[in-house]
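> 3D, please:
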Amino acid sequence: MWARKSLIAVAAVAAIAAIVLLPTARAIYRISQVANQYRLESAVQKEIETDAVHKLSVDEFLDPKFMAKYGLNSKHYLDAQGYFSPTGYDWAKWSLETRTAAILMWKGTSGLSAWRIYRVIRHVDDYYRSNDRSVPVVKVVNASVAQ
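Residues are numbered from 1 along each chain as shown. Sure, this is the predicted structure:
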């Protein structure tokens, strides 16, 4: 009798834990998929940039075509001085995919695991929840990664 109640209690705890952790696991899986695709596309872009035969235009060099896939076309996020500088207002509108690509764009494609990217996204979300949204996202991301 005692063993049966213990088994039911363990099963209930496991089911509750799975329900609670499922959204986090799903987000980390999506981040992993996006990060892998972004890393591949970034590597291909670097190969194209160094190709002696196929020269890129200045626009293609500064604003690679694959970045539009992530919604990171630099022309959409220019500040008053004309620099690419999305803010917390932009961050709030971005999908998980765009946020992942932006973090990899600013911090490089190596060294950040899916879990670390997830934590950076959470840190940035937490920062903008209680602070000024006009602060450039790159500043908040850099501070979060440095922690």
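> could you pull out the strands for this protein?
With strands called from DSSP state E, the chain shows none.
> list the buried residues in stretch 114-124.
Neighbour-count burial for stretch 114-124 flags 114, 117-121, 123-124 (criterion: 16 or more other C-beta atoms under 10 Å). Using the backbone N, CA and C atoms, a C-beta is placed for each residue, glycine as well.
> ok, so of the residues you listed, who is nearest Ser42?
Nearest to Ser42 among the buried residues of stretch 114-124: Ile117, at 14.4 Å, using C-beta to C-beta.
> let me know whether the closest one touches Ala35 as I believe.
Yes: with contact defined as C-beta atoms under 8 Å, Ile117 reaches Ala35; the gap is 6.4 Å.
> find me the pLDDT at the residue positioned nearest the centre of the chain, would you?
Against the mean C-alpha coordinate of the chain, by C-alpha atoms, centre = their mean, the closest residue is Thr100 at 1.3 Å. For Thr100, the model assigns a pLDDT of 96.
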